[in-house]
Structure formats: structure tokens, C-alpha cells
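In: Whatever this is, show me its structure:
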Amino acid sequence: MAADRAASPSMFSPVSTPAFQIREIAFFVIGIAAAIFLVVGGFTAYAIARYRRRGAGPAAEPPQVYGSTRIELAWTVVPLLIVVVLFLVTARYIWGIERRAQPAGSLEITVVGHQWWWEVRYPALGIVTANQIHLPVSDPDRPAPIFITLQSVDVVHSFWVPQLAGKMDVIPNKTNRVWVEPLVPGTFVGQCAEYCGLQHALMLLTVVVHPREEFARWAAAQQLPARDDVAARAGRELFASLACINCHTIRGTPANGVFGPDLTHLMSRATIGAGAAPNTARHLRAWIDNPAAIKSGALMPAMKLSQDEVDKLTAYLVTLR
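Out: Sure thing, here's the model as predicted:
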């Protein structure tokens, strides 16, 4: 696993080419706003100091200006020029980011927003996972941008990993695209940035950027079918007998549902419930027993299983690495 390089998500700590460009335009806008603040604040401070009341007597009224063509032109033309400059610079950056050509052979990923989790597909690799995107690092000498197709199956979501790229809405019946080009390995945190219902705040997304050899090993492991652990076979048979197989897929088993996350390599992920809890055996057991206790409003129902059945399912699912 790549080392954690992101203590907290911030657009001011970019590690990807489009994020660097977004930071540049942000600093440009902040610089102009700061200059305006200093000018206005300076004139205000001067007026306060110059014409403040002195002593007990009435202060002399400063000279009054009743109409000035030059002043009116100044406060009309200067803001207009500032707006035009901001528009042109912003349009240039947007055009540069949005119109990036896709090189032949570049990695393509499809991310699908659900209430309230992320489905992640690698069409060319035959990999399906959830809530965690794995990417290879891009070599500056041989840039390798990754192109992400964004879709939604229910409501409007928004894909945002601040250190990698800008925010892009994920809209039902519409396909949007973003690209990233991570330049350093690390783990970077994203979030659904559009209110999408009760558990919007627990719709986190983790992006793990690997060195290229490490990414290749991860992909090879993800392409394998689910492990057939003899010790957990009772749990596997129980899983196959329940309605779980209608919502989840576990490759190599009868489970081929598409409504919930693919569980083939469930334990290779850091969290369950899209960031609702760490992915440990204890939390997984609690999730199987009653998902709503961890994530209120979760669409996964409580199956009303006995404690022995919950134990068997947990023992099976923790083998899915």
C-alpha cells in the first residue's frame, strides 16, 4: 500500500496536473481580491485618520464633490477590466483542463455514484471495486493521465478529490468526464460534494496512488476470483442461500448482483459503508447484523440472522482479500 501523503484533503496541496492548474488560478483570483481589499481598506483607513473628530469642537467638513466624470469612469472601467481579466484567465484554464487529449492506451476508469457509495470499474482490466480507486503514478518524463467517466444511477452526486482534480457533478442520464495525473504516490481523500440525501456526509472516496509495479500487482490480485477457504465454507454456503446474492457479486460464486458493491476482494478496502467504519472483522460483523446502526438510512437491509449465522458470514467475508 502506498504511503499516506494526505493528512487532510486540500486544493492548496495538489499532487496532480489539473489540481496544480486549479491552484494557480485560485492564487491569481485571491491575489486580485487581496489587492482590491488593500486599496479599499487603505482609502478607508486614510479617511478615518484624516477626518476623525479632534477635541470637543465640531470637525471641519471635508471638501465635497458633487459629480465627477473621471471618478465615475474610474469606478466603472476598473471593475469592468478586472472582470474581463478574470473571465479570460479562467476560461483559458478551463479550456486547458477540459480539452486535454486522451493518449492512446491511457487507463480508463468508470465511477458510478449510488446512494451512498461509489462503484469503481476498470473496463480494460475487468476489475470492479467500491469506494476506493487505485491508480498508477505518472512519470513526468512520460506523462500518463488517467481518464475517469462519471455516472449516477439515482440522484445528483459530485466527484471531488481536491488534491487530484476539480469538482465534477455526477448526474443521472448524463456522462461527465474528468482526468487526473498523480505525480506522487500516496493516499488521497475525496467526498461527494453535492447533497444527495441522508448519508451524503458518509459518501467518502479514497484514491490510492501506487508506483507502477505496485499498481500492476494490485490489479493482478483484483483480477483473481474469490478465495475458496475451506474453513469458511459454511459461511460461503450460507451467503449463497440468502438474498445477499441478489445485490452483491463475488466472482467464482453464484452471487452476481449489481445493486450493491462487488465483494470479491472486500477486505482489500480500508473502510465499509463508504467511510462509515474501518473495514475490520468487528465492524464488518456489526454491519452484517444491522447496517443502519452504523449508517442510518443505508439501503442494505438487516437480514434478521441469528448470531451464529452472522458469525459464519463474517468468517467467510473476512477471507475475501
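In: who's in contact with E194?
Out: By C-beta atoms under 8 Å, 6 or more residues apart in numbering, the residues touching E194 are 156-158, 169-170, 200. The C-beta positions use only the backbone N, C-alpha and C, and glycine is treated the same way.
In: quick one: it from R92, how far?
Out: Summarising the geometry, the distance separating E194 from R92, computed by C-beta to C-beta, to the nearest Å, is 26 Å.
In: isn't there a helix covering W118?
Out: No - assignment of W118 by DSSP: H, G, I helix; E, B strand; the rest coil gives strand, placing it outside any helix.
In: Settle this for me: it is touching V112, isn't it.
Out: Yes - in this structure, W118 sits in contact with V112. The criterion is C-beta atoms under 8 Å, and the distance is 7.2 Å.
In: Comparing these two, which residue is more hemmed in?
Out: Between W118 and V112, counting by other C-beta atoms under 10 Å, W118 is the more crowded of the two (26 against 19).
In: hey, what's that one bridged with?
Out: Note on W118: beta-bridge partners by DSSP bridges are G113.
In: circling back: any of the contacts of E194 buried? List them.
Out: Buried positions within those, assessed by neighbour count (16 or more other C-beta atoms under 10 Å), are 157-158, 169-170, 200.
In: So which of these is the closest to T280?
Out: Distance ranking of these against T280, using C-beta to C-beta, places H200 first at 24.4 Å.
In: Give me the phi and psi angles of that closest one.
Out: When quoted as degrees, to the nearest 10, the phi and psi of H200 stand at phi -50, psi -40.
In: That one contacts W117, doesn't it?
Out: No - between H200 and W117 there is no contact, the gap being 11.6 Å when judged by C-beta under 8 Å.
In: circling back: and of the buried ones among the contacts of E194, the nearest to V78?
Out: Taking C-beta to C-beta as the measure, V78 sits nearest to D169 out of the buried ones among the contacts of E194, at 34.3 Å.
In: List the buried residues for the longest helix belonging to the chain?
Out: When secondary structure is assigned using DSSP state H, the longest helix within the chain turns out to be helix 17-50. Neighbour counts using 16+ other C-beta under 10 Å place 17-19, 21-23, 25 of helix 17-50 among the buried residues.
In: pLDDT (mean, whole number) over it?
Out: For helix 17-50, mean pLDDT is 93.
In: now for that helix, which elements pack on it?
Out: Using 3 or more C-beta pairs under 8 Å, 6 or more residues apart in numbering; DSSP states H and E as the contact test, the elements touching helix 17-50 are helix 69-98, strand 176-180.
In: report the angle between the axes of that helix and helix 69-98?
Out: Between the axes of helix 17-50 and helix 69-98, defined by axes from the mean of the first three to the mean of the last three C-alpha atoms, to 10 degrees, the angle is 160 degrees.
In: the inter-axis angle of helix 17-50 versus strand 176-180?
Out: 90 degrees.
In: centre of the chain versus helix 17-50, how much separation?
Out: Here helix 17-50 is found 29 Å from its chain centre; the criterion is C-alpha atoms, centre = their mean, to the nearest Å.
In: P261: helix or strand, and which one exactly?
Out: For P261, there is no enclosing helix or strand under DSSP states H and E.
In: same check, this time on M300
Out: Per DSSP H and E, there is no helix or strand for M300.
In: and the buried residues of helix 17-50 as JSON lines, adding distance to D141?
Out: Conversion of those to JSON lines gives the following (distance: C-beta to C-beta, whole Å):
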{"residue": "T17", "distance to D141": "14"}
{"residue": "P18", "distance to D141": "19"}
{"residue": "A19", "distance to D141": "20"}
{"residue": "Q21", "distance to D141": "20"}
{"residue": "I22", "distance to D141": "23"}
{"residue": "R23", "distance to D141": "23"}
{"residue": "I25", "distance to D141": "26"}
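In: Low-confidence bits of this protein, can you list those?
Out: Low-confidence regions of the chain, defined by pLDDT under 70, span residues 1-8, 53-62.
In: cutoff 80 now
Out: Within the chain, the stretches with pLDDT under 80 are 1-8, 50-65, 67, 228-231.
In: what kind of secondary structure is D169 in?
Out: At D169 the chain is in strand, as set by three-state DSSP.
In: show me the contacts for G197.
Out: Taking C-beta under 8 Å, 6+ apart as the criterion, G197 is in contact with 115-116, 155, 297.
In: Tell me how far it lies from P143.
Out: Separation of G197 from P143 (C-beta to C-beta) stands at 38 Å.
In: Would you map the helices across this structure?
Out: In chain order, the chain shows helices spanning 17-50, 69-98, 212-222, 233-241, 281-289, 291-294, 307-317, with DSSP H as the criterion.
In: Could you check those and tell me which one is nearest L125?
Out: Closest to L125 of those, according to C-beta to C-beta: helix 212-222, at 5.4 Å.
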